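# Here you go, sequence then predicted model.
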Amino acid sequence: MSLLETIHLKKYFGDTHAVDDVSLVIKEGELVSLVGPNGAGKTSFCNVVSAYYTADSGTILFKGRDVTRDSVTARVKAGIARSFQLVNLFDDLTAFDNVALAIFSREGKTRSMAALARRDSAVTGEADAVLGQFGLAGKRNELARSLAQGERKLLDVALAYALRPKLLFLDEPTSGVSTRDKGQIMDTIAGVVRGEGITAVVVEHDMDVVFTYSDRIVVMHQGAILAKGTPDEIRTNEEVAMTLIGAAGPDAFTQRSDHARG
Amino acid sequence: MTIFIIQILNSLFYAAVLFLIAAGLSLIYGVMRIVNLAHGSLYALGAYVSAWVVGGAVGHAMSGALGLAGALLLLPIGAVVIAAVGALIEPTLLRPLYRRPEEYHLLITFGLLMILEDAMKLLFGGTPLSAGSIMDSMGSIPIGRLLYPTYNLVVVAIGLIAALGLWWFIYRTRFGVILRATSQDRRMAAALGLNVGRVYVQAFAIGCFMAGLGGAVVVPAQAAVLGMGVEALVLAFVVVVIGGLGSLEGALVGALIVSLVRTAGIQFFPEIELAVLYLIATAVLLIRPTGLFGRA
Amino acid sequence: MTAMTTTTATADTGGAAFLRLLIAATAILVGLALLPAVVDPYQTVLLTYGLVMAIAALGFNLLLGYTGLLSFGHSAYFGTGAYTVAFIVRDLGAHSMELCILGGLAGTVLVSALFGFVCVRHTRIFFGILTLALSQVLWSLAFKFFWVTGGTDGIRVAYAKLTLLGGLVDFAGPGSFQRFVFAYYYYVLALFTLATVVMWVIVHSPFGKALQAIRDNETRASFVGISVRRHRWIAFVISGAFTGLAGILWVPLNGLTTPDVLYWPFSGEIVFMSVLGGFRTFAGPIVGAVTFNYLKTAAVASTEYWQLLLGVVLVTLVLLLPSGIVGTAMRLVSRWTR
């Protein structure tokens, strides 16, 4: 059953076709990777679906309902959540408060002002559980700004996850993280997402990561979909190989991001 | 009809003064992204200094020996002094704060406002100070059956010349190019080898010069009094909000709009004249936050 | 299991911290309650002013410190509270202070809801200018409609006309001023305590956390589903109501309300207080307001040029102690205990 369907979705910035006529179906429960060279429109696609940008034209159906004109908060309430490529946290709040806030928001409690936040044992319990799931229990009382980059990446995902979304966009969850931590972060994320049966769309550069964790891969190029299929189908698709190699250099399939970051 | 013409002339006079103040405020914001709450006080200080210099000179010299021309030449001293004050303020008080949030910009300029307001009281006392001798000796010209002070027309001319001069300066000189480059992207300008620090001092000093000039030209017609700066600042705000913060053309058009509304207001709806101005500013901010001429 | 133990552990330390806070607050409160017995009435009046301004700054800081919005127009809400009380006493002939508070709060909530609705459409410098412009609308009206507002002369509100606690305490007869000074001090102290507790709960509630989230990162706040503008608006109204309450309580003390409390430099003073105490801490604005009040009184008493003195203090503060009295003290303490 399709959870998300985009129909002829378009977003242009002047001459740049960031999202160019993308029609895509995401089925419930699958983990889809969005790949392609820089500027291929992966992040823009996430941005349009999550209402960070408004679409120029086209339709976004979520659970069969047209959400194209819905606001960010309306789409979050409907069940679309996302993390960010550049970590986007509440830097002056603790890791715990960051997650708790997402839960309060999900529960529609952010307008309650007559009770102390930390006395809400249902929410604090859940927030601690989420921190535990992402291996951040020991960092609960540290300010988000003082966490290490890998921890910040995980917290960013935890925030989106705590909303208990139906559909989760993860925009480069491992970028800016050392190779050693990369696998660990993806293991944690994939474990949580699959464990809860959440549908996830992951933007990722590292093809190793993509082939290991995805059910399906969508390749984008210049704002449009170039190919889609299972990891095996994509691995053997020559057009895809040429595009990725042409844009990212000969080692695109193996160590591209490590290489790029030296 | 005569009354109408005089009203128009009055509002042009008023617009010229407001433009001088607001253009300085806008220039400083445009280049440095600082809203200078002390700007009105600098205008008032300019008025005091000019009145004091002219008054002192007239008192000392033989009234005839100094002459009108001499007094007129002394008038801009206020503007020069304020420019110097500005060149002193920027490196000492503002420069340490550029990396901090804009709350601190507002606060430090508010502190400066408090200091300047009392400094004027300290230096010039509580009694109004005027350079009325200039206005008197210029006489008046007949308009219809009424007489209109010639000096007011001179101020309108000065405002016009200042607008043209500033426009030429910003759009036609090398320094203007540097100024605009810095205002668009500070880091880029620094990367291109421009001395951003120097540009900032100069921009701030020019902005202050404009405020001082506003005070200098107003003081032969209206005496310098305590509190005039605080009042002027809010009106200058209204001007730049209507025209667009950081826009020179906006300051000109905004000044014209504000002074026309004020003139009409004093005539037809004196009680809510000021309230109407603030509401116009609010409406502009809501509908078009960048003002009529501002860039996003 | 791990999650469980962490929760209980932190709940315990949280409880201990809360207990310490409670003890400190009680000690301060007891000190404040005993003070009038040992100092002369003038000092009591001075402290009453300080506590009133502390309520104003507390309200103001919900916007600056917790929501990240710098209002340069809070004079509007202080003034609305003050003028509403004056109107109630003069035009309705009411005497009950409680009635004045209710009426004044209704007035401020109305005005701040209206102004706030407009202002929260912007942030940063535009928010500041909007709040300033709107406050000046009220100022110019109070200034110009002198047959209603008394113009620059303002409106007198004699304390002798007022009663506290629904008429239980009145100030008729001889020695009434002395009695007013003491009774009113405790009245203000009680309301100050109430206001502080309410504000403390608000900033520690889910709503308060949401405001801080909006302050830190507006974009992410909306991406966890918080309707940013709505929350800002609610914060604005609460903030206005607190500052309005201060204006209400200020009137009987001052005996007079003038357009000065609506003029924008007065808004600047409220900002000054919060920064003086430290706007990134809960207690900062309280400490700042009381300190500012003493500072201003001392400056006014010692020189005609008190504004200059205060200006120098503000400039020095911004340059050298940007985190304010409480912020700096907390940094020093944490360095010591480390």
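Looks like it arrived, so ask away.

# Not counting its neighbours along the chain, what's nearest residue B:260?
residue B:11 (5.1 Å; Cβ to Cβ, 6 or more residues apart in numbering or on different chains). (Each C-beta comes from the backbone N, C-alpha and C, glycine too.)

# quick one: the one you found from residue B:130, how far?
22 Å (Cβ to Cβ, to the nearest Å).

# Show the contacting residues for the residue nearest to residue B:260.
B:256, B:259, B:260, B:262, B:263 (Cβ atoms under 8 Å, 6 or more residues apart in numbering or on different chains).

# Please narrow those residues to those residing in helices.
B:256, B:259, B:260, B:262, B:263 (DSSP state H).

# With respect to chain A, which of the residues you listed is nearest?
Nearest to chain A, judged by Cβ to the nearest Cβ, of these is residue B:256 at 35.2 Å.

# Could you find the closest non-adjacent residue to the closest one?
What sits nearest to residue B:256 in space, not counting adjacent residues and going by Cβ to Cβ, 6+ apart, is residue B:15, at 4.9 Å.

# How about residue C:36?
Per Cβ to Cβ, 6+ apart, closest to residue C:36 is residue C:44, 4.6 Å.

# Now name the helix or strand holding that neighbour.
helix C:41-61 (DSSP states H and E).

# And that helix, what does it pack against?
helix C:2-38, helix C:176-204, helix C:228-254, helix C:264-277, helix C:284-302 (3 or more Cβ pairs under 8 Å, 6 or more residues apart in numbering or on different chains; DSSP states H and E).

# how about that helix: buried residues?
C:44-61 (16 or more other Cβ atoms under 10 Å in any protein chain shown).

# those helices in chain A, which residues are they?
Going by DSSP H, chain A shows helices at A:42-49, A:72-78, A:95-106, A:121-133, A:149-161, A:179-196, A:207-213, A:231-235, A:238-248, A:256-260.

# that older thread, and the helix or strand following the helix holding residue C:44, what does it pack against?
Note on helix C:41-61: by DSSP H and E, the next helix or strand toward the C-terminus is helix C:75-91. Applying 3+ Cβ pairs under 8 Å, 6+ apart, we find helix C:75-91 packed against helix C:97-119, helix C:124-144, strand C:155-156, helix C:228-254, strand C:256-257, helix C:264-277.

# so where is the stretch 151-296 of chain B shaky, pLDDT-wise?
In the predicted model, the stretch 151-296 of chain B carries pLDDT under 70 at residues B:295-296.

# OK, contacts around the closest residue to chain B within the stretch 1-150 of chain C?
Chain B sits closest to residue C:140 of the stretch 1-150 of chain C, with a gap of 3.5 Å, by Cβ to the nearest Cβ. Residues in contact with residue C:140 (Cβ under 8 Å, 6+ apart) are B:272, B:273, B:274, B:275, B:278.

# And residue A:134, by the same measure?
Counted by Cβ under 8 Å, 6+ apart, residue A:134 has contacts A:154, A:155, A:157, A:158, A:161, A:188, A:192.

# Of all pairs in those, which one is the farthest apart?
A:155 and A:192 (13.0 Å; Cβ to Cβ).

# which of those two has more neighbours?
A direct count of neighbours by other Cβ atoms under 10 Å in any protein chain shown for residue A:155 and residue A:192 places residue A:155 higher, at 23 against 19.

# lowest-confidence helix or strand of chain C?
Of all helical and strand segments in chain C, the minimum by mean pLDDT, DSSP states H and E falls on helix C:2-38, at a mean of 71.

# low pLDDT regions in chain A?
A:245-262.

# circling back to that earlier point, can you tell me which of the contacts of residue B:11 has the most neighbours?
Most surrounded of those: other Cβ under 10 Å gives residue B:259, at 23 neighbours.

# That one reaches residue B:9, doesn't it?
No. Look at residue B:259 against residue B:9 with Cβ atoms under 8 Å: they stay out of range, at 10.9 Å.

# joint contacts of the two?
Contacts common to residue B:259 and residue B:9, judged by Cβ under 8 Å, 6+ apart, are absent.

# and the residue of chain B nearest chain A?
For chain B, Cβ to the nearest Cβ, closest residue to chain A: residue B:101, 12.7 Å.

# what about that residue, neighbour count?
12.

# What confidence value was assigned to the residue nearest to residue B:204 when sequence neighbours are not counted?
Leaving aside its chain neighbours, residue B:204 sits nearest to residue B:90 (4.1 Å; criterion: Cβ to Cβ, 6+ apart). Note on residue B:90: pLDDT of 91.

# Also the one 5 residues further on?
According to the prediction, residue B:95 has pLDDT 89.

# got a list of what it touches?
So residue B:95 contacts B:197, B:200 (Cβ under 8 Å, 6+ apart).

# Which stretches in the stretch 51-200 of chain B count as strands?
B:140-143, B:146-149 (DSSP state E, counting those that start in this stretch).

# can you tell me how far the residue of the stretch 1-150 of chain C closest to chain B sits from residue A:189?
58 Å.

# Which residue ranges of the stretch 101-250 of chain B form helices?
Here the stretch 101-250 of chain B has its helices, by DSSP state H, counting those that start in this stretch, at B:102-124, B:132-138, B:150-172, B:174-184, B:186-191, B:196-218, B:228-243, B:248-268.
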